[in-house]
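[1] after the sequence you'll find the predicted model.
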Amino acid sequence: MTRILLATNSEQFERSVRDALEYEGGLRWWDDDLAAGVDLEALAKELTSTGAGVISIGPGVRPETAIEIADHVDKIHPEVSVIVVGALNAKLWERALRAGVRDVVSHKADADEIRQVFWRAAEATILARANLMPDVADSVKKAARGRVISVVAPKGGSGKTALSVNLAVALAQRHPGKASILDLDLLFGDVTNALLLNPEHSIADAIDAPQLDPTLLKVLLTRRQRDLFVLTAPDSPALGEMVTNDLVSSAIDGLCSQFEYVVVDTAAGLSEVTLAAIEKSDDIIFICDMSVAAVRGLHKVMSALHTLEMLREKKRHFVLNRADSKVGISISDVESSVGMPVSVRIPSSRLVPRSMNEGTPLVESAPKSPVARSVIEVADIFSPVDGSAQGAKARRWRQ
């Protein structure tokens, strides 16, 4: 298990943690009044010099002081998880979040709560030490600004989230640690379920923050299997309604400053948030199925964006989902109505709803399936395996 350090003089809390974790290693490290009148930055360096991956601060330390120490720890070793032991009001919670505090626990917590808090913190440290900091640093060096790809659909049920998730995973497979996905379906986002995630934070946690700086963004991201980073939608529609256009723009700017690829799964239709995402995008993927309602809806979306002059200098791609459906209209009819040629055709498959329910993207669970191969063609547009966009275009129509 990751080494744990308890910055406290409380023997009782030490016993509680030791019993809950069945931990035999060294734990307690504190002197009475150690935080009083000392350089907290030097203290943070001393704490991290022990090699601990999880540092809990308190009881016996004022929450304000604990948060300040955590901030110094985060600047020195952001991969180290800090737990504050105590009670925090809303204002202190905001400060703690910005300081990189992983969790807060009461000194009176029962064994189950202590165990969950410390195990989550230890797991976060292990994952961060494995790849996070090198990957992020490397991507910053290689790309001053990542490529933002927004997936837009006129209506729900068009396959937008399935495409977004599979595309993000496919890009992460080719560029481990350098791809991210932002769920901007703020009321009913399903990226979390589609990737089988249990996030601790979402974009809503930055609602009251003065600005979404790289430190706060790092806290909000959820990591999936080391390769893909996810900024999730809130689990409450009420919180989703509180997310502003400015926050969305700031989140996209932050993501594309740290990752080479940012896939944005938008809400169906053209909300103000979706328009804010499109404004920040380099590429827009329009997706619809063969239904008349979806085709007409996409035509209206395209017309509205042209009227708003939001498609200038944007690369546009048209993905036709369930393209093999026999519904009385042809693909040429769809192209004529939408005003764009189809870039990639995705066939119908029962595997898609199953994979969404199970949280296993098809590009991983069934990479040779026709649907997965079609998604790979979409990924080729942005990251051709042969190093040329022309090669991706040639493969796009190969059966």
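    Noted; the coordinates are in hand.
[2] please make it C-alpha for all contacts and neighbour counts, starting now.
    Noted.
[3] which helix or strand contains the residue nearest the centre of the chain?
    Residue closest to the average C-alpha location in the chain (CA atoms, centre = their mean): Val230, at 1.4 Å. Assigning secondary structure by DSSP states H and E places Val230 in strand 228-231.
[4] that strand packs against which elements?
    If contacts are counted by 3 or more CA pairs under 8 Å, 6 or more residues apart in numbering; DSSP states H and E, strand 228-231 sits against helix 160-174, strand 179-184, strand 222-224.
[5] compare these and give me the one nearest Thr65.
    When these are compared by CA to CA, strand 222-224 sits nearest Thr65, at 27.3 Å.
[6] what strands flank that closest one, and is each parallel or antiparallel?
    Sheet pairing of strand 222-224 (DSSP bridges) gives strand 228-231 (antiparallel).
[7] need the residues that contact the partner strand.
    Outside strand 228-231, the residues that touch it by CA atoms under 8 Å, 6 or more residues apart in numbering are 168-169, 172, 176-183, 202-203, 220-224.
[8] model confidence over that strand, on average?
    For strand 228-231, mean pLDDT is 94.
[9] off-centre distance for that strand?
    How far strand 228-231 lies from its chain's middle: 3 Å, per CA atoms, centre = their mean, to the nearest Å.
[10] for the strand holding Val230, C-alpha coordinates in CSV please.
    Coordinates of the C-alpha atoms in strand 228-231 are reproduced here as CSV (Å, rounded to 0.1, in the frame of the first residue of the first chain):
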residue,chain,number,x,y,z
LEU,A,228,-7.8,9.0,-21.2
PHE,A,229,-8.7,12.0,-19.0
VAL,A,230,-12.4,12.9,-18.5
LEU,A,231,-14.0,16.1,-17.3
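[11] what comes up buried for it?
    228-231 (16 or more other CA atoms under 10 Å).
[12] kindly report the same for stretch 356-363.
    Buried residues in stretch 356-363 (16+ other CA under 10 Å): 356, 359-363.
[13] what's the most distant pair in the buried residues of strand 228-231?
    Using CA to CA, the buried residues of strand 228-231 span at most 10.3 Å, a distance reached by Leu228 and Leu231.
[14] can you tell me which of the buried residues of stretch 356-363 is closest to Thr161?
    Comparing those against Thr161 with CA to CA places Met356 closest, at 9.1 Å.
[15] what about the closest one, which helix or strand?
    Going by DSSP H and E, Met356 is in helix 351-358.
[16] where do the strands sit along the chain?
    Ranges of strands in the chain, per DSSP state E, are 4-7, 54-57, 81-85, 101-105, 147-152, 179-184, 222-224, 228-231, 261-266, 283-288, 315-321, 344-346.
[17] can I get the ones you listed in TSV with distance to Ser337?
    Converted to TSV, the strands of the chain look like this (distance: least, CA to CA, whole Å):
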stretch	distance to Ser337
strand 4-7	62
strand 54-57	58
strand 81-85	53
strand 101-105	51
strand 147-152	17
strand 179-184	27
strand 222-224	39
strand 228-231	34
strand 261-266	23
strand 283-288	12
strand 315-321	12
strand 344-346	16
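[18] which stretches of the chain aren't confidently modelled?
    Counting by pLDDT under 70, the chain contains low-confidence ranges at 1-2, 23-37, 127-144, 386-399.
[19] that one - how does it break down into domains?
    4-130, 143-396 (automatic domain parsing).
[20] relative to Ser257, which of the helices and strands packed on strand 228-231 is closest?
    Evaluated over the helices and strands packed on strand 228-231, closeness to Ser257 peaks at strand 179-184, with 11.3 Å, by CA to CA.
[21] list the buried residues in that closest one.
    179-184.
[22] closest to Phe382 out of the residues you listed?
    Here the nearest of the buried residues of strand 179-184 to Phe382, counting by CA to CA, is Ala179; it sits at 11.8 Å.
[23] now do the contacts for the residue lying closest to the closest one once chain neighbours are set aside.
    Excluding its sequence neighbours, the residue lying closest to Ala179 (CA to CA, 6 or more residues apart in numbering) is Tyr261, at 4.7 Å. The contact partners of Tyr261, by CA under 8 Å, 6+ apart, come to 146-149, 171, 178-180.
[24] beta partners of Tyr261?
    Going by DSSP bridges, Tyr261 is paired in beta bridges with Arg147, Ala179.
[25] same thing with the one 4 residues further on?
    Using DSSP bridges, the bridge partners assigned to Asp265 are Val151, Asp183.
[26] so who does it touch?
    Residues in contact with Asp265 (CA under 8 Å, 6+ apart) are 150-152, 160-161, 164, 181-185.
[27] for it, give its distance to Asn89.
    33 Å (CA to CA, to the nearest Å).
[28] for Thr192, same thing?
    Between Thr192 and Asn89 the computed distance is 28 Å (CA to CA).
[29] likewise Thr232?
    Distance of Thr232 to Asn89, computed by CA to CA: 24 Å.
[30] so the two - more neighbours on which side?
    More neighbours surround Thr232 than the other of Thr232 and Asn89, with 27 against 8 (other CA atoms under 10 Å).
[31] hang on, that one packs against Ile203?
    Yes. Here Thr232 reaches Ile203: they are 6.2 Å apart, a contact under CA atoms under 8 Å.
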